[in-house]
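Fold the following.
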Amino acid sequence: MEITQIWYSKTQLAEYFGVHVKTLREWRNEGKMIEPEQQGLMRNRYDIRKVETFLKEQSGEAA
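So this is what the prediction gives:
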């Protein structure tokens with residue numbers, strides 16, 4: 001699968017997974033999601049490549 005966008009806001013990432021933004025926060029609190037990276041002042045973004053790698057590692061798939 002070719003990734004055309006690398007950096008996602010929390011809203012975009014929630015849409016990507018088809019969940020509510022609150023669900024992302026719950027996943028982070030439970031250790032099921034990586035923390036976002038800061039890009040500039042007050043701009044947190046998720047690197048989708050790191051998210052996908054993290055989720056594969058959590059599910060036991062090879063990265």
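
Could you name the residue of this structure that is farthest from its center?
In the chain, the residue that sits farthest from the middle, by Cα atoms, centre = their mean, is residue 41; the gap is 19.3 Å.

can you list the weak-confidence ranges in this protein?
Applying pLDDT under 70 to the chain flags the ranges 1-3, 62-63.

Distance-wise, check the residue nearest the centre of the chain relative to residue 41.
What sits nearest the mean C-alpha location of the chain, by Cα atoms, centre = their mean, is residue 51, with 4.4 Å. For residue 51, the distance to residue 41 (Cβ to Cβ, to the nearest Å) stands at 23 Å. Yep, even glycine has a C-beta here, placed from its N, CA and C like the rest.

And residue 5, by the same measure?
With Cβ to Cβ as the criterion, residue 5 and residue 41 are 22 Å apart.

Same question for residue 56.
For residue 56, the distance to residue 41 (Cβ to Cβ) stands at 32 Å.

What of residue 28?
Noted for residue 28: a distance of 21 Å to residue 41, by Cβ to Cβ.

Who are the packing partners of the longest helix anywhere in the chain?
Looking only at the chain and at elements set by DSSP state H, the helix with the highest residue count is helix 48-59. Using 3 or more Cβ pairs under 8 Å, 6 or more residues apart in numbering; DSSP states H and E, the elements in contact with helix 48-59 are strand 7-8, helix 10-17.

at 10 Å instead, please
strand 7-8, helix 10-17, strand 44-47 (3 or more Cβ pairs under 10 Å, 6 or more residues apart in numbering; DSSP states H and E).

Residue 9 contacts residue 46, correct?
Yes: under the criterion of Cβ atoms under 10 Å, residue 9 makes contact with residue 46 at 7.8 Å.

who's more crowded, the two?
The residue with more neighbours, out of residue 9 and residue 46, is residue 46; 22 against 14, by other Cβ atoms under 10 Å.

which residues does that one contact?
With contact taken as Cβ atoms under 10 Å, 6 or more residues apart in numbering, residue 46 is in contact with 6-10, 12-13, 16, 24, 33-37, 54.
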